[in-house]
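J.: I'll drop the sequence and a predicted model, then ask my questions.
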Amino acid sequence: MAYARSKESLTPILIAGGKNVLGKAFYGFRLEDDGTLTINKIADGTAVYLPENGLTNRSSDYDQWVWTQNKLVFSFSASGHLLMEVR
């Protein structure tokens, strides 16, 4: 069963589609208090903690996330924009 856990309740939250995230990597995006962008990749079956009701309350909450079976490659453009390539 594919699931994420809420830090507040520590109970499994079923992800829409359930089986659709099995075998896929999770990429979590978080903007830190100092403006640094952190991107975490989790692909080893570790539980993923998502904010309750989509509201980010703590600095450890992900602002955005995606599951994919494709490899994501990140880089910056000459103007400083984050670019994402799906391979």
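T.: In hand now; what should we look at?

J.: and Ser79, backbone torsions?
T.: In terms of degrees, to the nearest 10, the main-chain angles of Ser79 are phi -90, psi 0.

J.: Count the residues that sit near it.
T.: Other residues near Ser79 number 5, with proximity taken as other CB atoms under 10 Å. All C-beta spots, glycine's among them, are computed from the backbone N, C-alpha and C.

J.: What of Thr38?
T.: Residues lying near Thr38 (other CB under 10 Å) number 13.

J.: How much space separates it from Asp44?
T.: Per CB to CB, to the nearest Å, Thr38 is found 18 Å from Asp44.

J.: And Ile39, how far from Val48?
T.: Counting by CB to CB - Ile39 and Val48 are separated by 14 Å.

J.: Quick check: neighbours shared by those two?
T.: Gly28 (CB atoms under 8 Å, 6 or more residues apart in numbering).

J.: For these two, indicate the residue with more neighbours.
T.: Taking neighbours as other CB under 10 Å, Ile39 and Val48 compare with Val48 leading, 19 against 14.

J.: my guess is that one contacts Ala25, does it?
T.: No: with contact defined as CB atoms under 8 Å, Val48 and Ala25 do not form a contacting pair (10.5 Å).

J.: between these two, what contacts are shared?
T.: Ile42.

J.: mind checking the SS state of Phe26?
T.: Here Phe26 is recorded as strand under DSSP: H, G, I helix; E, B strand; the rest coil.
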